[in-house]
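>>> What would the 3D arrangement of this be:
(chains A, B, C and D)
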Protein chains: 2
Amino acid sequence: MLDERKSTILRAVVSEYIHTAQPVGSAHVTRAPGIDVSSATVRNDMAQLEADGYLYQPHTSAGRVPTDKGYRAFVDDLTGPRIRLGSNEAARVREFFDTTHGEIEHMLTATTHLLAGLTHQAAVVVGPVATAAPVRSVQLVELAPQTVLFVAVLANGSIEKRMIELDSPASEDVLARVTTALATHLDGRPLTDIATVALTGDRAVDPVLRACAAAEATSGPAESEQVYVGGTAQMAGSFEAIETVREVLTILEQQLVVVTLLRDVLDRGLQVAIGTETGMEPLADCSVVVAPYEIDGSPAGSLALLGSTRMDYPQALAAVALVSRRLGRRLTEG
Amino acid sequence: MLDERKSTILRAVVSEYIHTAQPVGSAHVTRAPGIDVSSATVRNDMAQLEADGYLYQPHTSAGRVPTDKGYRAFVDDLTGPRIRLGSNEAARVREFFDTTHGEIEHMLTATTHLLAGLTHQAAVVVGPVATAAPVRSVQLVELAPQTVLFVAVLANGSIEKRMIELDSPASEDVLARVTTALATHLDGRPLTDIATVALTGDRAVDPVLRACAAAEATSGPAESEQVYVGGTAQMAGSFEAIETVREVLTILEQQLVVVTLLRDVLDRGLQVAIGTETGMEPLADCSVVVAPYEIDGSPAGSLALLGSTRMDYPQALAAVALVSRRLGRRLTEG
DNA sequence: TGCTGGCACTCGGTATCATCGAGTGCCAGT
DNA sequence: ACTGGCACTCGATGATACCGAGTGCCAGCA
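The predicted structure follows:
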């Protein structure tokens, strides 16, 4: 469908447009490396590319701008020689992971800032699913007569808690026994195993056990998959219309929507969703670049960039790939 | 300094400008209630107000716009008859606190959205200081040979954790003894009391105890005073220049800066900081409306609005006051 | 056949200019 | 002390012209 030269031209148009934000004319394209034909020839090809839906012309007397389809072809073309991050950026990433310690939440927040700083886009990190990490410690704490807090410390240092409302007050003794039952059952195993906890046959203990399991079961993804967002300011800088910024901010404030979006993109087997490919109308001018990360070899979470469709895809892909790998490694070490 | 009529005129200009975002001319002012003089008279007074620094004229042939000083006078004038929130809004607040349950973090996040929705400004909630709530339960969990997580469950259902790096490995037995020591010392008392924990004289236990106390002492305000931000989208909608939006977002992403800003405003005894009064150059076009909230009668945290200087101060003040009162009450109940 | 140079054409952006009108300051009069 | 009246200012709006980047097309060349 796209012969060699047309795809070179498309590539040139996209790169140029990404850097200048101006419609690209045929004369500019001839200056690009790898193009040894006249502007007239380029014009003919560009007309063809427009007819095929890769480019479009804002006005008759203007240059061309890539369509979503054009960006898509550009991105798909990138797969060959895996692009590397500039050495400055790579060093920044390395230094980040060498120097950042402390609690996981801080680290993930800091990671969004790292990504945003590298790419000048908004960055999202979805925290590791609670279910992935083995439980290290379990505890029930009574906050009020019929309110109990179920606290589980996971091996990765994160904490899961569930507020539990009981039908009737539970004595301290009962809570202690429930705690023991849960601890022995869950220790070293994922939190989701709580569903299979064995009942004791004790009339006071069992309802509490069931309530704990129920609380875990009903806890939405929002509970476990904490979403960290950073770099909204950089994002704002890359749009012209304030209206667009508003819409994107609206999305980014809805954690559930963000998680769903990322999962959806990954489920479709994509690393990048461009414009309408995101499936969200307000994101028509946005692209998402996403990468999952793994802990101990199994999928744990994901991180993503959200920015203008006119973003530097090679750099964004490289940044996301590198950071996801390093983050996974880092979280595996613990 | 401001006679009766001048201050009425100032009030009219500010209200009008808040709602129209257009410079206000003398003719418009005459239409305001309480003004029974001709436009010429108003003009004279407005010239005087401008000379005194309350108003300013973008161009010779334009109406007047309030200066920071003008807004300040307007706001200070508001104190008399405490403004009430519209009954719709009040109902919304009531419904919110009646229906929102669950974990404190969710509640505080939701509160930012409530405030933002009411006022169309960005909202900030600074979580209750950890030190305020009594400790309910304490635990040390070993994550790695020399890494221990110190977990404290507070009476309000929040959890404080500190990552502790030990100089040498600690046995399970030692950790258990440290836990017991901490638990007996801290139970029912604020976390800060950890500073006064008694040493046991045990050579294995004491270093760990000291490490815990040190971790608590060195934990910055960032650790305890969690900052929740919401409504950035609404904020973006109330500015013209994307540059301003960017600057505000930059501020809002720096939790420490936000906390400092709010504390600073409160320390100066203000409810509102207008434009340059914020003391932050990028916020020259912004105002902050802040209110502390109390739990059990003692100051626990604060909430604030951050938006254009051209905001609806009466409404903002009323919203912040009402929500802070309800939030405090709600958190007191637990 | 495929590429190129040339050319007429399009049309958004910018500059110039005139006009309009909201708003002002000032002053003489009540 | 206030008001009506008036000359004046100047940003906003709209018309007009012009420029130039960029296009499509075509005839000619390898």
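
>>> what about the stretch 101-250 of chain A, any weak spots by pLDDT?
A:131, A:220-224 (pLDDT under 70).

>>> Doesn't A:Val229 belong to a strand?
Yes - counting by DSSP: H, G, I helix; E, B strand; the rest coil, A:Val229 falls inside a strand.

>>> tell me the phi and psi of A:Val141?
Dihedral angles of A:Val141 (phi, psi; degrees, to the nearest 10) stand at phi -120, psi 130.

>>> correct me, but it touches B:Ser137?
Yes - in terms of CB atoms under 8 Å, A:Val141 counts as a neighbour of B:Ser137; the distance is 4.5 Å. Quick note: C-beta positions are derived from backbone N, CA and C, even for glycine.

>>> so what sits against both of those two?
In terms of CB atoms under 8 Å, 6 or more residues apart in numbering or on different chains, A:Val141 and B:Ser137 are both contacted by the residues A:Val151, B:Val153.

>>> Tell me where chain A has helices.
Taking DSSP state H as the test, the helices found in chain A are A:4-20, A:26-31, A:39-51, A:68-77, A:87-99, A:104-119, A:172-186, A:205-218, A:221-224, A:232-237, A:242-253, A:255-267, A:313-333.

>>> need the residues of the stretch 51-200 of chain A near DNA strand C, please.
Residues of the stretch 51-200 of chain A that fall close to DNA strand C, judged by CB under 7 Å from any atom of the strand: A:His59, A:Thr60, A:Ser61, A:Ala62.

>>> For DNA strand D, what's the nearest residue on the stretch 201-334 of chain A?
Closest contact between the stretch 201-334 of chain A and DNA strand D, by CB to the nearest atom of the strand, is at A:Arg310 (16.3 Å).

>>> Please list the residues of the stretch 1-150 of chain A that sit near DNA strand D.
Proximity of the stretch 1-150 of chain A to DNA strand D, by CB under 7 Å from any atom of the strand, involves residues A:22-28, A:39-40, A:43-44, A:46-47, A:50, A:57, A:60-64.

>>> Show me just the buried residues among those residues.
Among these, those classed as buried by 16 or more other CB atoms under 10 Å in any protein chain shown are A:Pro23, A:Val24, A:Gly25, A:Ser26, A:His28, A:Ser39, A:Arg43, A:Met46, A:Gly63, A:Arg64.

>>> Of those residues, which pair is most distant in space?
Spatially, the most separated pair among those is A:Pro23 and A:Ser39, at 14.9 Å (CB to CB).

>>> show me what contacts the closest residue in space to A:Ala27 that isn't next to it in sequence?
The shortest distance from A:Ala27 to any residue other than its chain neighbours is 5.1 Å, reached at A:Ser39 (CB to CB, 6 or more residues apart in numbering or on different chains). Contacts here follow CB under 8 Å, 6+ apart; on that basis A:Ser39 touches A:Ser26, A:Ala27, A:Val29, A:Thr30.

>>> quick check, nearest of the residues you listed to B:Ser7?
A:Ala27 (63.8 Å).

>>> Tell me the residue of chain A that sits nearest DNA strand D?
Per CB to the nearest atom of the strand, A:Gly25 is where chain A lies closest to DNA strand D, at 2.6 Å.

>>> residues contacting that residue?
A:Ala62, A:Gly63, A:Arg64.

>>> ok, back up a step: got TSV for the contacts of A:Ser39, with distance to DNA strand C and pLDDT too?
Below are the contacts of A:Ser39 laid out as TSV (distance: CB to the nearest atom of the strand, whole Å; pLDDT from 0 to 100):
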residue	distance to DNA strand C	pLDDT
A:Ser26	10	96
A:Ala27	11	95
A:Val29	11	96
A:Thr30	9	95
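
>>> Tell me the residues of the stretch 1-150 of chain A that contact chain B?
Within the stretch 1-150 of chain A, the positions lying close to chain B (CB under 8 Å from any CB of the partner chain) are A:101-103, A:113, A:136-137, A:139, A:141-144, A:147, A:149.

>>> buried subset of those?
A:Glu103, A:His113, A:Arg136, A:Ser137, A:Gln139, A:Val141, A:Glu142, A:Leu143, A:Leu149.

>>> Please name the nearest non-neighbouring residue to the last one.
I take that to be A:Leu149. A:Val141 (4.7 Å).

>>> Also the second one?
Nearest-residue entry for A:His113: A:Gly230, 4.7 Å, with adjacent residues in sequence omitted and distances by CB to CB, 6+ apart.
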